[in-house]
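Student: pasting the structure only:
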């Protein structure tokens, strides 16, 4: 492993290498370019805080068409590692120009699908011209609603993953790869 962190010892194994992350973000950026190049509307990447910041940062650098960014903070998790099923908007999108925007919601990982399903409808009802979804990681085995992202990096097994923006107790976000966290770390 080229990168070394004090947190590396908590990682069972690397699931997605920095090189694979680079390849995935390049491919998704090219798809977004193709889909929105001739839309006639402004493109907005809507980052869902906090986990998606790293992914969105890499993605926006690779998109060649003009792009704006904004942020929302949404929670569907309580203090445990399982979803509560309830969506709480902690930081809302404060814009009056939604009808002029093609929005791509950028998420780090999709588990139950409830959060993104809710946000898509919320933004459409708010008047957005179009709303698509983009995720780095997808865990369809955990779906609780019928939901399919428009742009998807990797489908992963039902493992507890951290790194590249994903955290456990606010740690591990800065790891340059996505790794499986050792169960003894989060079952203490």
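Tutor: Alright, I've got the coordinates. Owing to the predicted nature of the structure, the values given are computational and were not obtained by experimental measurement. Numbering: from 1, shown residues only.

Student: can I assume residue 18 is in contact with residue 179?
Tutor: No. The criterion here is Cβ atoms under 8 Å, and residue 18 misses it with residue 179 at 11.3 Å. No exception for glycine: its C-beta is placed from N, CA and C like everyone else's.

Student: of the two, who's got more company?
Tutor: residue 179 (25 against 17; other Cβ atoms under 10 Å).

Student: tell me which element the more buried one is part of?
Tutor: Using DSSP states H and E, residue 179 sits in strand 178-181.

Student: tell me which strands and helices that strand is in contact with?
Tutor: strand 11-16, strand 161-162 (3 or more Cβ pairs under 8 Å, 6 or more residues apart in numbering; DSSP states H and E).

Student: how far does that strand sit from the chain's center?
Tutor: With Cα atoms, centre = their mean, to the nearest Å as the basis, strand 178-181 stands 16 Å off its chain's centre.

Student: ok, back up a step: could you dump the helices and strands packed on strand 178-181 into a markdown table with distance to residue 133, mean neighbour count and mean pLDDT added?
Tutor: As requested, these are exported to a markdown table (distance: least, Cβ to Cβ, whole Å; neighbours: other Cβ atoms under 10 Å; pLDDT from 0 to 100):
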| stretch | distance to residue 133 | mean neighbour count | mean pLDDT |
| --- | --- | --- | --- |
| strand 11-16 | 19 | 16 | 96 |
| strand 161-162 | 19 | 24 | 96 |
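
Student: so can I have TSV of those strands showing distance to residue 134?
Tutor: Shown next, in TSV, are the helices and strands packed on strand 178-181 (distance: least, Cβ to Cβ, whole Å):
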stretch	distance to residue 134
strand 11-16	16
strand 161-162	17
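
Student: quick one: which helix or strand includes the most centrally placed residue in the chain?
Tutor: In the chain, the centroid-proximal residue (Cα atoms, centre = their mean) is residue 107; its distance is 1.7 Å. Secondary structure assigned from DSSP H and E places residue 107 in strand 101-110.

Student: Following element in sequence after that strand, please.
Tutor: helix 114-125.

Student: Name the next helix or strand following that next one along the chain.
Tutor: Downstream of helix 114-125, the first helix or strand assigned by DSSP H and E is strand 130-138.

Student: Give me the helices and strands touching that following strand, please.
Tutor: Checking 3+ Cβ pairs under 8 Å, 6+ apart, strand 130-138 ends up next to helix 18-36, strand 101-110, helix 114-125, strand 151-155.

Student: Report the strands that pair with the helix or strand following the longest one, each with its relative direction.
Tutor: Once the chain leaves helix 18-36, the next helix or strand it forms, by DSSP H and E, is strand 42-49. The sheet places strand 42-49 alongside strand 68-77 (parallel), strand 101-110 (parallel), with pairing taken from DSSP bridges.
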